[in-house]
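with the sequence up front, the predicted model follows.
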2 protein chains.
Amino acid sequence: MAKSLLDQHQLQAVAKLFELLAEPTRLDILQNLKKAPLSVGQIVAATNAKQSNISKQLGILYDAGLLKRERQGNLIFYSIADPMIFDLCALVCGKLRKDAESQLALIRSLGK
Amino acid sequence: MAKSLLDQHQLQAVAKLFELLAEPTRLDILQNLKKAPLSVGQIVAATNAKQSNISKQLGILYDAGLLKRERQGNLIFYSIADPMIFDLCALVCGKLRKDAESQLALIRSLGK
DNA sequence: GCATAATATTGCTTATTAGTAATATTGTCA
DNA sequence: TGACAATATTACTAATAAGCAATATTATGC
């Protein structure tokens, strides 16, 4: 394989997936679902977003295939469809932490 | 550590980073810089975006700390500041490929 | 069937941003 | 210094999306 650059269409697909993770509210939903499935009401309670917004964001994540859902009586439980997203988030969190640490080290060295 | 959920501020920082990778043009720039630093003109030639747009997106990636830059005479060379982003993209690409494959397998099994 | 609870949808406003053409800046060379 | 090439900036338009209040849907228990 020579160059292996993604074409326009593939880049769009990758961008689309990143876009899903580019909103604090959706990230909040995902991290709350990490341990176990939750009903919509539980997610609303765990975050500080309105019910209509949570429902909308859940729909977006579900339509994209990142979440599964299952009805249990009156409640609808959402769960993570592909735990890979946590690997993504872990990478990002690791980078942010490392960046913050080296920033701190720089400030400390200047203060001497 | 008990829950270790990210707070609002941290979620925003994570979202911000994903947002940078949520645009096809910026992804295109990044993948072109993977092998070696390139001047702005070279990037414009490698992608199919206008100069002003490339310059703008380069500025965004640079301001965010994802790119470094160095002037060499009349040219300005940009390069990747943190190769971790390629790990992120590899994860996403892997997921998309796997999803596509299982989708294909499903279609094939239905065709029998 | 009716009242109620849980979730989804709709219509709307507001904010953000990609992309562009035109112009400004910066550096090089003669 | 002046002409030219490379890059950055500006002002603008158009499209997208988050968030909200209000309303609609769906399921439960009486």
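Happy to help now that I have it.

how about the longest helix seen in chain A, does it reach chain B?
Counting residues, the longest helix found in chain A (DSSP state H) is helix A:84-111. Yes. Residues of helix A:84-111 contacting chain B under CB under 8 Å from any CB of the partner chain: A:84, A:87-89, A:91-96, A:99. Quick note: C-beta positions are derived from backbone N, CA and C, even for glycine.

farthest pair in the residues you listed?
Distance extremes for the residues of helix A:84-111 next to chain B: the farthest pair is A:84 and A:99 at 23.1 Å, using CB to CB.

so for stretch A:56-74, what gets flagged as buried?
A:57-58, A:60-61, A:66-67, A:69 (16 or more other CB atoms under 10 Å in any protein chain shown).

and the strands in chain A?
A:38-39, A:67-72, A:75-80 (DSSP state E).

near DNA strand C, which residues of chain A?
Residues of chain A lying near DNA strand C by CB under 7 Å from any atom of the strand: A:39-41, A:44, A:51-52, A:55-56, A:58-59, A:69, A:74-76.

from these, which land in helices?
Those of the residues of chain A next to DNA strand C lying in helices (DSSP H): A:40-41, A:44, A:51-52, A:55-56, A:58-59.

could you export those residues as a markdown table, including distance to residue A:8 and pLDDT?
What follows is those, written out as a markdown table (distance: CB to CB, whole Å; pLDDT from 0 to 100):
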| residue | distance to residue A:8 | pLDDT |
| --- | --- | --- |
| A:40 | 37 | 98 |
| A:41 | 41 | 97 |
| A:44 | 38 | 98 |
| A:51 | 38 | 97 |
| A:52 | 35 | 97 |
| A:55 | 33 | 98 |
| A:56 | 29 | 98 |
| A:58 | 30 | 98 |
| A:59 | 27 | 98 |
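
show me how chain A divides into domains.
A:8-81, A:83-112 (automatic domain parsing).

pick the most deeply packed of the ones you listed.
Looking across these with neighbours counted as mean count of other CB atoms under 10 Å in any protein chain shown, the highest average goes to domain A:8-81: a mean of 16.

and it, how far out from the chain's middle?
Here domain A:8-81 is found 8 Å from its chain centre; the criterion is CA atoms, centre = their mean, to the nearest Å.

same question, stretch A:74-85
Worked out by CA atoms, centre = their mean, stretch A:74-85 lies 12 Å from the chain centre.
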